[in-house]
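S.K.: what would the 3D arrangement of this be:
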Amino acid sequence: MLNRLISLFAGKQHNPAAVALYRCIVEQARQPDFYTHHGVPDSLDGRFDMIVLHTFLVMRRLRTIASQAAGHLSQDLFDLLFADMDSNLREIGVGDLGVGKRVKKMAQAFYGRVEAYEAGLTATDDAILTDALTRNLYGTTQPALPNQLAMAAYMRAAEARLADQSEAKILAGNVYFPAAPV
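M.R.: Model (predicted):
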């Protein structure tokens with residue numbers, strides 16, 4: 001998927017660090033345990049939401065880095081995410097006229113999730129975060145409470161793991177996530 005995205009925009013220069021970050025995000029979002037053990041819908045929506053969740057976590061970490069490079073990297077990551085979504089929609093047969101509308105809806109969904117996850121991670125307990133996960137990540141299903149709690153704990157663990165990684169490594173495109181909860 002990512003190689004297809006990169007080749008699609010071969011004439012455009014990409015920030016190599018953004019490409020590396022996006023690759024890490026997509027690889028983590030595809031971990032089967034999220035879908036098989038924690039009830040994340042194994043669908044276009046579920047996979048989109050897992051990519052958004054991990055992109056949010058990386059962009060949140062980038063905001064803590066006081067440099068212009070971090071801001072540019074965050075924007076480049078966002079641009080790659082939506083270029084990839086555009087490419088995926090075209091690949092599954094969405095017509096040219098419909099792609100723009102769908103990408104716009106996806107961008108609105110992204111911003112809504114960022115707001116909800118930000119509020120959830122800022123809160124001292126997991127009620128707001130599990131509610132955000134229920135509405136967004138599990139939006140098309142009725143999740144079991146243990147799955148919600150495991151995913152909330154995973155998000156907090158991923159946030160902590162990203163916080164422990166050096167700014168230099170992150171700016172170079174190297175991030176590591178904790179294992180998917182089992």
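S.K.: so who does Arg47 touch?
M.R.: Ala29, Arg30 (Cβ atoms under 8 Å, 6 or more residues apart in numbering). C-beta here means a position set from N, CA and C on the backbone, and glycine is covered the same way.
S.K.: go through the protein and flag its longest helix.
M.R.: When the chain is parsed with DSSP state H, its longest helix is helix 96-122.
S.K.: for the chain, name the helix or strand with the lowest mean pLDDT.
M.R.: helix 2-8 (a mean of 50; mean pLDDT, DSSP states H and E).
S.K.: straight-line length of stretch 164-174, end to end?
M.R.: Start-to-end span of stretch 164-174 (Cα to Cα, to the nearest Å) is 12 Å.
S.K.: contacts for it next, please.
M.R.: With Cβ under 8 Å, 6+ apart, stretch 164-174 has contacts from 16-21, 24, 58, 61-62, 65, 67, 69-70, 73, 162, 175-176.
S.K.: which parts of that stretch are buried?
M.R.: Residues of stretch 164-174 classed as buried: Ile170, Leu171, Gly173 (neighbour count, 16 or more other Cβ atoms under 10 Å).
S.K.: where does the first one land on pLDDT?
M.R.: Meaning Ile170. We note a pLDDT of 97 for Ile170 in this prediction.
S.K.: roughly how far does it sit from Leu149?
M.R.: In this view, Ile170 and Leu149 are 28 Å apart by Cβ to Cβ, to the nearest Å.
S.K.: the second one now?
M.R.: Distance, Leu171 to Leu149, by Cβ to Cβ: 33 Å.
S.K.: can you map out the helices along this structure?
M.R.: According to DSSP H, the helices that the chain contains are 2-8, 16-29, 32-36, 44-63, 68-91, 96-122, 127-135, 145-164, 167-171.
S.K.: for Val182, which of these is the nearest?
M.R.: When the helices of the chain are compared by Cβ to Cβ, helix 32-36 sits nearest Val182, at 5.4 Å.
S.K.: distance between the longest helix of the chain and the chain's centre?
M.R.: Taking Cα atoms, centre = their mean, to the nearest Å, one finds helix 96-122 lying 11 Å from the centre of the chain it belongs to.
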